[in-house]
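Sequence and computational prediction follow.
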Number of protein chains: 2
Amino acid sequence: MDKTIGIFGGGQLGRMMAQAALPLNIQCTFFEAHTDCPSAALGQVYSTQAEHGLAEFIQSADVFSLEFENTPLKDVDVLIQKKDLHPPRQALAIAQNRLSEKALFDELAIPVAPYQAVDSLESLTLAVNDLGLPIVLKTATGGYDGKGQFVLRSADQIDQAWQELGPAGSLIAESFVTFSREVSIIAVRGQNGDVKTWPLAENHHHNGILSHSIVPAPNSADLQPVAQDYITRLLNHLNYVGVLTLELFVTDKGLYANEMAPRVHNSGHWSIEGAVCSQFENHVRAVAGLPLGLTEVIRPTVMVNIIGQHPKTEDVLALEGAHLHLYNKTERAGRKIGHITLMPTDTTQLTVLCRQLASILPNPLALTQDMTI
Amino acid sequence: MDKTIGIFGGGQLGRMMAQAALPLNIQCTFFEAHTDCPSAALGQVYSTQAEHGLAEFIQSADVFSLEFENTPLKDVDVLIQKKDLHPPRQALAIAQNRLSEKALFDELAIPVAPYQAVDSLESLTLAVNDLGLPIVLKTATGGYDGKGQFVLRSADQIDQAWQELGPAGSLIAESFVTFSREVSIIAVRGQNGDVKTWPLAENHHHNGILSHSIVPAPNSADLQPVAQDYITRLLNHLNYVGVLTLELFVTDKGLYANEMAPRVHNSGHWSIEGAVCSQFENHVRAVAGLPLGLTEVIRPTVMVNIIGQHPKTEDVLALEGAHLHLYNKTERAGRKIGHITLMPTDTTQLTVLCRQLASILPNPLALTQDMTI
């Protein structure tokens, strides 16, 4: 083997990919603004700021992937003249534009909330009339973790919404879907077309940032085959190679697709300990052209993000069965700097562990609410 | 946290320790002859050949450990003037001398095969008379994987045995124990005295090299508490911190200690996937003064060594549920260059997986025999 995978981005996702690649004798290199990024411990980082950074990065590896969904397409276009990228450029381009993404969902008959393109104050007013209120106005490109969004609840917010987001250019207005919960499905497709899917994760957010995921999502037996079908349509249509994530809302009318991420995903971090083969290892296997590993769950797992501030390592490791993953990032409000994996034997133990965890996390977010597995 | 652990040695054991340390934001440095050793991907290697190598290595980390049981005591003695070593120097010194080791086992009432010290042709003849034949003659220091040993089956081999091993200096003659199988117990002791033990591994050798381990050792429910008691005596007596391994023979008269290794052990590699917390992570936790993780088994696990030559990566990963760990070592006859972890659901699946594995390993060793879990 002894392949090298070049990864656009050098954050925690790249770090965890490289950790999974190492035992397979697969090295990683990274393309990232800051050479002291979380991935730096595991491979050479080529700076996006350096004059010949891209050329050197392209030179550094045999095959390429990404951990950053906003990887510039212009860089990708230079790369694919010379070497292979998995997932394909098309998947990245679509995922970078919410309007293209919705169009693809429509094409593949994957249900989405009613939406309309918005590119002027007039078209925003029209969208409010057509879709009804409330609506979520989002930039078609950019934005993550709740940034670049405006929730319109009354018509007198139209001007303010346009003022805030209008300058961003192309926008999308989406009906505000009433959902009972958010789930995500993660799947991987190999170079031979083999598809494997992990169980649905139930995701809990706080201020637009993922707080924790529970896997398998409780009471999701009926949802799993539907979600699996949707993501398989996407993977096959895009001739995708690697890990893809699809975020979904659970509504009265069934699952509605929210958005897709053409990469490993925060809601799949549980799989490092909780699945036979993690999203990171399977992504590496797919990109390297290797057979895929089993995606079955070993034990129900809860993944809790560490946001903004580090807890004491000794406090976390004192929790029964807890695993700690730190990303070697500096503390900053709202920043994901690590995660904790819990593998409780039952809901009672989960409740105990979550209360203990909430008491030692500087920033327990939504963790204090009761959960079931 | 952000501690750095300095590790004497830089082989695959150091590599896997550093892999376990990384998610805890704990860095490792290494002290090793060859700076392109298996651990090099994960931390700075200080050369044992460099003029100020030891001084720079001591400077490079906050606390120290080892992955190489023949770490020179003279280097350790320089270190412990300045910084802490876990496990303690005494454990290392005893493990480096089979006579001291047996004396410790005797002191702690841990059964061993009858033995005698040998330092001359005369004392060898005496040992043969006292112990009876067959006996195993071993050098008191040095030797591993079956090297430095001579099995004496008849009195006319005494001269040959002495010729071969006599020049090595101090020797030990051990009664040839009739055992049904070899097992090992691995335990970890924290800085607070907390002890956790993994289940017994059943170990299969081929030409003196570990071929594969099955965990939990089949039919070992009665043996587990006994082995656990023995290793706990050793850990507490030595005021040990870190992972210790005790190899044992299963005989008609119960368990006999063979030898101890003051480090993580090949027969514990299964724990990366098979236990809640691996031997590597728990060793790192102990050395860094952190709480220990659970040692319970997630699923019965079989660990198979890759010896001498690499199989094709794609062949290994095509085996259902298989995990591959390569050490980034060059091929050489008899050399451990990786391992494979299988987590079969039952004996039937194990048999199928082992046959498949035997057919794709260039060097299947003893794997072709049938196993049970």
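That came through, no problem.

C-alpha from now on. contacts and neighbour counts both.
Noted.

so A:Y240 sits right up against A:R189, yeah?
Yes. Contact criterion C-alpha atoms under 8 Å: A:Y240 and A:R189 qualify, at 6.4 Å.

Can you pull the residues of the stretch 201-350 of chain A lying near chain B?
With the criterion set to C-alpha under 8 Å from any C-alpha of the partner chain, the stretch 201-350 of chain A comes near chain B through A:276-277, A:290-294, A:298, A:312-314, A:317-318, A:320-322, A:324-328.

Mark which of these are part of strands, please.
Within these, residues falling in strands by DSSP state E are A:L324, A:H325, A:L326.

Please identify which of those residues is nearest to A:Y46.
Taking C-alpha to C-alpha as the measure, A:L326 is the one of those closest to A:Y46, at 22.4 Å.

quick one: secondary structure of the closest residue to the closest one other than its chain neighbours?
What sits nearest to A:L326 in space, not counting adjacent residues and going by C-alpha to C-alpha, 6 or more residues apart in numbering or on different chains, is A:G338, at 4.2 Å. Secondary structure for A:G338, judged by DSSP: H, G, I helix; E, B strand; the rest coil, is strand.

could you list every residue that touches A:G338?
For A:G338, the set of contacting residues under the criterion of C-alpha atoms under 8 Å, 6 or more residues apart in numbering or on different chains consists of A:N305, A:I306, A:I307, A:H310, A:L324, A:H325, A:L326, A:Y327.

Throw these into a markdown table and include distance to A:W162 and pLDDT, thanks.
Converted to a markdown table, the contacts of A:G338 look like this (distance: C-alpha to C-alpha, whole Å; pLDDT from 0 to 100):
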| residue | distance to A:W162 | pLDDT |
| --- | --- | --- |
| A:N305 | 33 | 96 |
| A:I306 | 34 | 96 |
| A:I307 | 31 | 94 |
| A:H310 | 38 | 96 |
| A:L324 | 42 | 98 |
| A:H325 | 40 | 98 |
| A:L326 | 39 | 98 |
| A:Y327 | 37 | 97 |
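
Need the max-distance pair from the residues you listed.
Farthest apart among those by C-alpha to C-alpha are A:I307 and A:L324. That separation is 13.3 Å.

quick one: pLDDT of the residue nearest to A:L326?
Confidence per residue is given as pLDDT, and for A:G338 that number is 97.

Over to A:L367?
Among the per-residue scores, A:L367 shows a pLDDT of 71.

Quick one: residues contacting it.
A:S211, A:H212, A:V304, A:C354, A:A358.

thinking again about what came up before, pick out whichever of A:I307 and A:L324 has more residues nearby.
A:I307 (24 against 19; other C-alpha atoms under 10 Å in any protein chain shown).

what mean pLDDT does stretch A:50-66 have?
Stretch A:50-66 comes out with an average pLDDT of 97.

how about that stretch: buried residues?
Judged by neighbour count (16 or more other C-alpha atoms under 10 Å in any protein chain shown), stretch A:50-66 contains these buried residues: A:G53, A:L54, A:F57, A:I58, A:S60, A:A61, A:D62, A:V63, A:F64, A:S65, A:L66.

Among the residues you listed, which ones are in helices?
Judged by DSSP state H, the subset of the buried residues of stretch A:50-66 located in helices is A:G53, A:L54, A:F57, A:I58, A:S60.

could you pull out the helices for chain A?
Counting by DSSP H, chain A has helices at residues A:12-21, A:53-60, A:73-79, A:89-95, A:98-107, A:121-131, A:158-165, A:223-237, A:271-274, A:279-287, A:313-317, A:347-360.

pretty sure A:R335 is touching A:G308, no?
Yes. Using C-alpha under 8 Å, A:R335 is in contact with A:G308, at 4.9 Å.

for stretch A:33-50, the distance to its chain's centre please.
Using C-alpha atoms, centre = their mean, to the nearest Å, we find the averaged C-alpha position of stretch A:33-50 to lie 21 Å away from the chain's own average C-alpha position.

Just the endpoints, please. Distance across that stretch?
Between the start and the finish of stretch A:33-50 there is a gap of 9 Å, counting by C-alpha to C-alpha, to the nearest Å.

Is it in proximity to chain B?
Yes. On the criterion C-alpha under 8 Å from any C-alpha, stretch A:33-50 is in touch with chain B at A:A41, A:L42, A:G43.

Just among those residues, which is most surrounded?
Compared across the residues of stretch A:33-50 next to chain B, A:L42 has the highest neighbour count, 25 neighbours, by other C-alpha under 10 Å.

hang on, that one packs against A:R15?
Yes. Taking C-alpha under 8 Å as the contact criterion, A:L42 and A:R15 are neighbours in contact, 6.8 Å apart.

rewinding a little: return the member of the ones in strands among the residues of the stretch 201-350 of chain A next to chain B nearest to A:R285.
Proximity of these to A:R285, judged by C-alpha to C-alpha, is greatest for A:H325, which lies at 21.6 Å.

give the contact list for the closest one.
Counting by C-alpha under 8 Å, 6+ apart, A:H325 touches A:G338, A:H339, A:I340, B:P23, B:L24.

swap the cut-off to 6 Å and go again
Residues touching A:H325, when contacts are defined by C-alpha atoms under 6 Å, 6 or more residues apart in numbering or on different chains, comprise A:G338, A:H339, B:P23.

State the distance from the last one to chain A.
Taking C-alpha to the nearest C-alpha, to the nearest Å as the criterion, B:P23 is separated from chain A by 4 Å.

Tell me the span between the first and last residue of stretch A:46-55.
For stretch A:46-55, the end-to-end distance is 9 Å (C-alpha to C-alpha).

likewise stretch A:126-140?
End to end - C-alpha to C-alpha - stretch A:126-140 spans 17 Å.

I'd like the distance between the residue lying closest to A:S39 once chain neighbours are set aside and A:L108.
Nearest non-adjacent residue to A:S39, counting by C-alpha to C-alpha, 6+ apart: A:R15, 4.1 Å away. Look at A:R15 and A:L108: by C-alpha to C-alpha, they are 33 Å apart.

okay, the two: which has more neighbours?
Neighbours per residue, other C-alpha under 10 Å: of A:R15 and A:L108, the larger number sits with A:R15, 27 against 13.

Fine, thanks again, bye for now.
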